[in-house]
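> model the structure of this input:
(one chain, ligands or ions: 3)
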Amino acid sequence: MQEKLRIAVQKSGRLSEDSLKLLKECGIGVPNGNNQLKINAENFDAEILFLRDDDIPEYVQDGVADIGFVGENVMLEKNKATDIVERLGYGKCRLSIALPKTRKKLAIKDLDGMKIATSYPFILNKWLKQNKIKADIHVISGSVEIAPRIGLADAICDLVSSGSTLFSNELYEFETILKSEAVLISGKKLSPARKQLLEKLLFRIRAVKKAKY
Ligand code: PRP
Ligand code: ZN
Ligand code: MG
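Numbering: from 1, shown residues only. Ligands and ions are numbered 1, 2, ... in the order given. This next block holds a predicted model:
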């Protein structure tokens, strides 16, 4: 039996639509699967797995999926054994530290001793260390932007795209600690047949990118 390339895509979220669109532009059809977790692609030896983005790096590391479309922010945060095989140019956003508007412009050093709420403890901790700041990281999995208002934290570290979430929560972007975009990641132990399928896909992705810019 012909091996299939198992491709992980975010089930629903900021990268889902653009990732499926890119596959389509590569000539790979993804039929509407009524919420199926796994579906056979059309015109390509591939299976699409619809997963939570936060789970994709681990699935790719463990070989449950061969490759995955994921935000660089998620890839770096999860710190799994995967490689970036292509930067994709969409899903651009940044991971930033934000403060309540009522706090005047501070210096980076003033973050010392603050409590910072985030879903990105690994990346934030690394940045704090590099900047020799001792802050207290409070991990929450969502709705980080409300943490200062309810007295849970002094600051937040979260994704910013349009800036409207910060704006409507009376926060301002204080410092960007990471710039991110969608990337294609691969596991380290693909079979020769799957490697060949990945090469074929990469060739098409690069052609699509070339045609665009
Ligand atoms: C991110 C982030 C903010 C929002 C920022 O959440 O947590 O809530 O996007 O975007 P904006 O600057 O355009 O307002 P995301 O949509 O990734 O969902 P999640 O928090 O559930 O992961
Ligand atoms: Zn997420
Ligand atoms: Mg959010």
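> can you pull the contacts of the spatially most central residue of the chain?
Closest to where the C-alpha atoms of the chain average out (CA atoms, centre = their mean) is G71, at 2.2 Å. For G71, the contact set (CB atoms under 8 Å, 6 or more residues apart in numbering) comprises 14-15, 53, 91, 93, 180-183. The way it works is simple: take the backbone N, C-alpha and C, and place the C-beta from them, glycine included.
> residues in a beta bridge with it, which ones?
Beta-bridge partners for G71, by DSSP bridges, are A182.
> state the pLDDT value of it.
What the model reports as pLDDT for G71 is 98.
> CSV please, covering the contacts of G71 and showing pLDDT, distance to ligand 1 and neighbour count.
Shown next, in CSV, are the contacts of G71 (pLDDT from 0 to 100; distance: CB to the nearest ligand atom, whole Å; neighbours: other CB atoms under 10 Å):
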residue, pLDDT, distance to ligand 1, neighbour count
R14, 92, 5, 16
L15, 96, 9, 23
D53, 96, 7, 23
G91, 97, 10, 22
C93, 98, 7, 19
S180, 98, 11, 20
E181, 98, 13, 16
A182, 98, 12, 25
V183, 98, 15, 24
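> who touches stretch 37-44?
4-5, 7, 23, 26-31, 33, 46-51, 197, 200-201.
> meant to ask about stretch 91-98, not that
So stretch 91-98 is contacted by 14-15, 18, 71, 73, 111, 116, 120, 123-124, 145, 155-161, 166, 171-182 (CB under 8 Å, 6+ apart).
> list the buried residues in the longest strand anywhere in the chain.
When the chain is scanned for its longest strand (criterion: DSSP state E), the result is strand 171-180. Going by neighbour count (16 or more other CB atoms under 10 Å), the buried part of strand 171-180 is 171, 174, 177-178, 180.
> residues near Q36, how many?
When counting by other CB atoms under 10 Å, one arrives at 12 neighbours for Q36.
> ok, and the closest non-adjacent residue to it?
Counting by CB to CB, 6 or more residues apart in numbering, Q36 lies nearest to F50, which is 7.3 Å off, once chain neighbours are set aside.
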